[in-house]
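1. Structure for the following, please:
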Amino acid sequence: MANYLRVPYAKTNQDHTSDSLMLKAYFIMVLISFLKLLLNIFNVVFIAVGITLVGIGIWTAVVKVYVSLVIGDSLFRAAAYLIICVGFITIGVCVVGLVAVIREKQRWLWVYLGLSIFCFCALMTSAILAIVFKSEVEGVMVDNMRKSLIDKYGKDGEVTDAWDQLQSDLGCCAVNETYVGHFALFDLPYADNSMPESQEEKARQDSWPIYKRTEFFRMQLSISESERKYVPESCCKYDSKIGDYAGLSSCQFFSTGPPNNFKMKLNNDYLHYDGCYSKARRLMLDQSDILVAMGFVFGFIMIAGMALTFLILRALRAEEEEKMQERRRPENYEASNELL
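-> Here you go, the predicted model:
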C-alpha cells in the first residue's frame, strides 16, 4: 500500500482576506442588531412619553380649561392643545421608527430621521413658547382676573361658572388677600355707591370687597343689608363629611368680621382667606414648566435617537458594501462565470 504524505494546509492571502471579510461582516451584523435594540427601546419609551403628554394635555384642556376664562387669556388653553399635538407627533414618529427598524429599509430610516428632526424642532419651539407664555401671562394675570371678576361675574354665565369652579377647586376667594397693582380700586364706589371706610377694607380691595363691585352684588341691592350675600358660595369652605358648605350663612354674611365687616376683625372660620391669584399663578407656572421640561429634556434626548438612526444607516451601508465586495471576490466571480 502506498504511503501518502499528509501535507499541512497553509492558508493563502486569499483565505486570510476571506476570514477577515467574514469577521467584519459578523461584526457589522452584531452592531446593527445592537443598535436596532437600542432604537426600539428608545421608541417604546418615547411612545409612553407621548401617551403621557396626550393625557396631561387632554386633562388640562378638559378639566382646567376654566382657568383661561378667569385670567382672560387663551394662552393656557393653547398650551394644553400644544402638549396634545406634541404628544401625538411623538407617538407617530416613534411608530414610524419601529416600522423602519423592523423593515431595515434605508428609505424608512431616512423618513424616520427626517420626522425626528421635525419632532426635535417642535419640542424646542414648544419650550420657547412656554417661556414666552410664562412671562406674558404673569405680567397681565392680576389685571385680567380683576377685570373678568368685576365686569363679568354675575353677568356672563360661563365666566361666573369658571370663577366658582376655580374658587372651589383651589380653596380660594377673589383675586388676592391684599390689594396688588397700581390701580386704586378703593377710590371708586361700590355698586351700592358706598366707599371703602377702614384701612383694612382698603387693603383688602382685591379680596372679598371686590364682589361688591360685581353684578352678583348689584342684583341684591333691593333687599336689606343683613340679607345680602357678600361673597358667593364658592368662597366658603366645603365640608366633604356632610357633603355641603359648613356655616354657609355665616360665611356669606358675618356681622363681626369679613366678608362685610372690617371694623371688627374677628376671624370667619367658614370663609376662604387665600386669594386665587397665587394659586392660579402656580397652576399656570406648573403648566409652562411641563412645556419647558418637555421641550428641552425630550428634545435633547431626541438627538440620541437621531444619532442611533444615523449609526444604523451607516452600518446598513457598510453591510451593503461588504456584500458587494463579497460578490466581487475572484472565486465568487469565477463561480458565477461557470454558471453562465
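2. Now for Glu320, how many residues are close by?
-> 12 (other C-beta atoms under 10 Å). In this view, the C-beta of every residue, glycine as well, is placed from N, C-alpha and C.
3. no no, Gln205
-> 26.
4. Can you classify it as helix, strand or coil?
-> Classification of Gln205 by DSSP: H, G, I helix; E, B strand; the rest coil places it in coil.
5. next one: Met306
-> Relying on three-state DSSP, one would call Met306 helix.
6. For the remainder of this discussion, apply numbering that starts at 586.
-> Sure thing, new numbering starts at 586, so read that last one as Met891.
7. tell me, how many neighbours does it end up with?
-> Neighbours of Met891 (other C-beta under 10 Å): 16.
8. can you tell me which residues contact it?
-> Shown in contact with Met891 (C-beta atoms under 8 Å, 6 or more residues apart in numbering): Leu698, Ser701, Ile702, Phe705.
9. what's the helix or strand for Asn729?
-> helix 691-737 (DSSP states H and E).
10. what is the rounded mean pLDDT of that helix?
-> The average of the pLDDT scores along helix 691-737 is 83.
11. Give me the helices and strands touching that helix, please.
-> Judged by 3 or more C-beta pairs under 8 Å, 6 or more residues apart in numbering; DSSP states H and E, the packing partners of helix 691-737 are helix 651-656, helix 660-688, helix 742-755, helix 861-878, helix 884-913.
12. re the thing from before, reformat the contacts of Met891 as JSON lines; add distance to Lys826 and neighbour count.
-> Compiled in JSON lines, the contacts of Met891 are given as follows (distance: C-beta to C-beta, whole Å; neighbours: other C-beta atoms under 10 Å):
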{"residue": "Leu698", "distance to Lys826": "58", "neighbour count": "19"}
{"residue": "Ser701", "distance to Lys826": "53", "neighbour count": "24"}
{"residue": "Ile702", "distance to Lys826": "56", "neighbour count": "14"}
{"residue": "Phe705", "distance to Lys826": "51", "neighbour count": "20"}
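13. Need phi/psi at Cys821.
-> Dihedral pair for Cys821: phi -100, psi 150, per degrees, to the nearest 10.
14. Spatially nearest residue to it (excluding sequence neighbours)?
-> Cys836 (3.7 Å; C-beta to C-beta, 6 or more residues apart in numbering).
15. Count the residues that sit near the one you found.
-> Cys836, neighbours per other C-beta under 10 Å, totals 25.
16. what does Leu667 give?
-> 22.
17. Spatially, and excluding backbone neighbours, which residue is closest to it.
-> Nearest to Leu667 is Ser711, by C-beta to C-beta, 6+ apart, at 5.5 Å.
18. okay but that neighbour is in contact with Leu876, surely?
-> Yes: taking contacts as C-beta atoms under 8 Å, Ser711 lies within contact range of Leu876: 5.3 Å.
19. who touches both of these two?
-> Common neighbours of Ser711 and Leu876 are listed as Leu667, Ile668 (criterion: C-beta under 8 Å, 6+ apart).
20. Now do Asp728 against Asn625, distance only.
-> 51 Å (C-beta to C-beta, to the nearest Å).
21. if we can go back for a sec, among the contacts of Met891, which one lies nearest to Leu638?
-> Phe705 (15.0 Å; C-beta to C-beta).
22. And that closest one, how close does it get to Thr675?
-> 10 Å.
23. Tell me, how many residues neighbour Ser653?
-> 18.
24. and if you look at the one 10 residues further on?
-> For Ala663, the neighbour count with other C-beta under 10 Å is 14.
25. How confident was the prediction at it?
-> Ala663 is given a pLDDT of 77.
26. wait, what's in contact with it?
-> Counted by C-beta under 8 Å, 6+ apart, Ala663 has contacts Phe718.
27. So what's the gap between stretch 699-719 and the chain middle?
-> 12 Å (C-alpha atoms, centre = their mean, to the nearest Å).
28. got it, and stretch 703-721?
-> 11 Å.
29. Residues in contact with it: which ones?
-> Residues contacting stretch 703-721 (C-beta under 8 Å, 6+ apart): 660, 663-664, 667-668, 670-671, 674-675, 678, 869-870, 873-877, 879-881, 883-884, 887-888, 891.
30. Can you mark which positions in it are buried?
-> Cys704, Phe705, Ala707, Leu708, Met709, Ser711, Ala712, Leu714, Ala715, Phe718, Lys719 (16 or more other C-beta atoms under 10 Å).
31. Kindly reformat the residues you listed as CSV containing distance to Arg692.
-> Formatted as CSV, those follow (distance: C-beta to C-beta, whole Å):
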residue, distance to Arg692
Cys704, 19
Phe705, 21
Ala707, 23
Leu708, 25
Met709, 27
Ser711, 29
Ala712, 31
Leu714, 33
Ala715, 35
Phe718, 38
Lys719, 41
